[in-house]
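Participant: quick one, fold the following:
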Amino acid sequence: MKQFVRILFEGAAQAWQQLMANKLRSFLSLLGVTIGIFCIIGVKSAVNSLEDNIRGSMAKLGNDVIYIEKFSWGEDPGQNFWKWMRRPNFSFQEFETLKDELELADKVGYWQFLGAKTSKWQSSSVENCYFLGITEDCRDLFHLEFEGDGRFLSPVEYQTGSDVCILGSVIGTELFGEGIDPIGKDISVGGRKLRVLGVLKKSGKDLLKPFNFDNCVLIGYNLARRGFGVRAKGDFERTSISVKAKPGVELDALKDEITGVLRGERRLKPREENNFALNTLSIISGLFDQLFGTMNVAGIFIGGFALLVGMFSVANIMFVSVRERTNIIGIKMALGAKRWFILLEILIEAVLLCIFGGLFGLLLIWLVTAGISAAIDFDIHLSMSNAFWGIFTSAAVGVASGLIPASQASRMDPVEAIRK
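Facilitator: Residues are numbered from 1 along each chain as shown. Below is the predicted model of the structure:
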C-alpha cells in the first residue's frame, strides 16, 4: 500500500512537472480531452436538466390518472387526424354515467372549453379570456393551488350554479393590478356579474405545462350550462374526462372498466372499434425516453471524436515524456524498480494529465450552464453524477492513451536505457 501511494505521488509530481515545463504543448494536447468532456457531459447535463423539468411537469398529470380524449397521445396525428376529428365529443351525460358506474375510480372530472370572452372590472378589461366549465373533482385532478385566501367552489355553489369564478394568474393581475385583492370582487362577462373566489398561483418555469390556467377563467359546469349556452354536442366544443384510480387499483383494470362502460353508453357493437382514446402518463414517458436517449447518443458520438483526438495527443505527450526520461527510468530499474512499478508510474501520469483536461472541461460546463440559466431563467445544472462520469471518462481515456507508452517504458533494458 505504501508503495502504491508513493507511485501515485511520483506520478502526480511528474504530471504536474510535465504541465508546467511545456505549458503550450500540454494545453494543446489536452484540448481534445477538454473538448470531448465538454461535449459529452455538456450535452448530458443539458438533456438531464431538460428531462428533469419535463418529467417534473408530467408528474403533475398524475401516474394514476387516465385521460379520456378523442385523440391518442401515442399515435401519429398526421395519419389519424381526420379519423379522430370525426369522433363524437364527450357529453356531460357520459361523464355522469362513468361517475355513477365506475367502481375502481376514486375521482372523475369533466371539463369543457367555453370559448374566449372579454372580462371587465371597473375601467379595466381583458380580451380573449379562455373560459372553462369544470366539475368538482377537477380541483384535485388539476392540482389547483390558490394565492392568499383564495378557494375553490363549495358544493352548494357548484350544485346551484352560483355566479362565481376562479381567475388565472395573468387575468387577475391584468384586471386588478398588484395592489388590489380580487377576492370578493365582481367581474363582468357579457353583462353577467361573476364574484371572484380566488386567483390561481402562476404557472412555474416548467417547459411542459399540462395545466396552464394563467390566461383562463374557471367556472362551475352547472353555471356554464345555465348561463353560458353550453350544448350537449357540437363540432367546435372541446371536452375531456379524467379518471383517477383508487389507491392500489391497476390502471389496466380501470381502463377495462372505463372501456366497458363507455362502449355501452355509446352503444358500440362488439366488432366496432373504440371511438375514444384512453391516455396515460406512461405513453408520453415512452416518447420522451426515445427522445432523450437519442440526444444522449448524439452527444456521445460528437464528444467521442474529440476524445479520440485527445487520446492520441496525450499518448504523444507520454511517448515524448518516456523518451526524455529514458536515462532516469534505466537508473530506477538498475536500482531494483520492478517493471510493474515503471508501468504504473507512467500510466498514473497519463491518467492524471487526462483528468486535468477533464476538470477544465467540467469547469467550462459549469460556467456555461450558469450563464445560460441566468440568461434564459431556466435551470441547467451540472450534477454530481455527471461530474463523476466526466472524471471517470477522462481517467479511462488516460488509461487508453498511456498504456502503450507505459508498456514500452517497462520493457526497457536498464543498461541500454542508462546509456541514452
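Participant: how far off centre is the helix or strand containing residue 391?
Facilitator: In this assignment (DSSP states H and E), residue 391 forms part of helix 384-410. On the basis of C-alpha atoms, centre = their mean, to the nearest Å, the separation between the geometric centre of helix 384-410 and that of its chain is 31 Å.
Participant: cool, and stretch 139-148?
Facilitator: Mean-position distance between stretch 139-148 and its chain equals 22 Å (C-alpha atoms, centre = their mean).
Participant: what sits up against that stretch?
Facilitator: With C-beta atoms under 8 Å, 6 or more residues apart in numbering as the contact definition, stretch 139-148 has outside contacts at 60, 62, 65, 107, 109, 134, 138, 152, 166, 169, 172, 181, 183, 198-201, 211, 213, 242, 244. The way it works is simple: take the backbone N, C-alpha and C, and place the C-beta from them, glycine included.
Participant: mind saving the C-alpha coords of it as PDB?
Facilitator: These are the backbone C-alpha positions of stretch 139-148, laid out as PDB (Å, rounded to 0.1, in the frame of the first residue of the first chain):
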ATOM      1  CA  ARG A 139     -59.700  20.600  -8.300                       C
ATOM      2  CA  ASP A 140     -57.700  17.500  -7.300                       C
ATOM      3  CA  LEU A 141     -57.200  16.300 -10.900                       C
ATOM      4  CA  PHE A 142     -55.800  19.600 -12.000                       C
ATOM      5  CA  HIS A 143     -53.900  20.200  -8.700                       C
ATOM      6  CA  LEU A 144     -55.200  23.700  -8.300                       C
ATOM      7  CA  GLU A 145     -53.300  26.000  -5.900                       C
ATOM      8  CA  PHE A 146     -54.500  29.400  -4.900                       C
ATOM      9  CA  GLU A 147     -52.900  32.700  -4.000                       C
ATOM     10  CA  GLY A 148     -53.600  34.100  -0.500                       C
END
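Participant: that one: which residues count as buried?
Facilitator: Applying a neighbour-count criterion of 16 or more other C-beta atoms under 10 Å, one finds 139-142, 144, 146-147 buried in stretch 139-148.
Participant: widest-spaced pair of these?
Facilitator: Set against one another by C-beta to C-beta, the buried residues of stretch 139-148 have their most distant pair in 141 and 147, with a gap of 20.2 Å.
Participant: returning to what we had before: what packs against the helix holding residue 391?
Facilitator: The elements that helix 384-410 packs onto, with contact taken as 3 or more C-beta pairs under 8 Å, 6 or more residues apart in numbering; DSSP states H and E, are helix 23-59, helix 281-324, helix 339-376.
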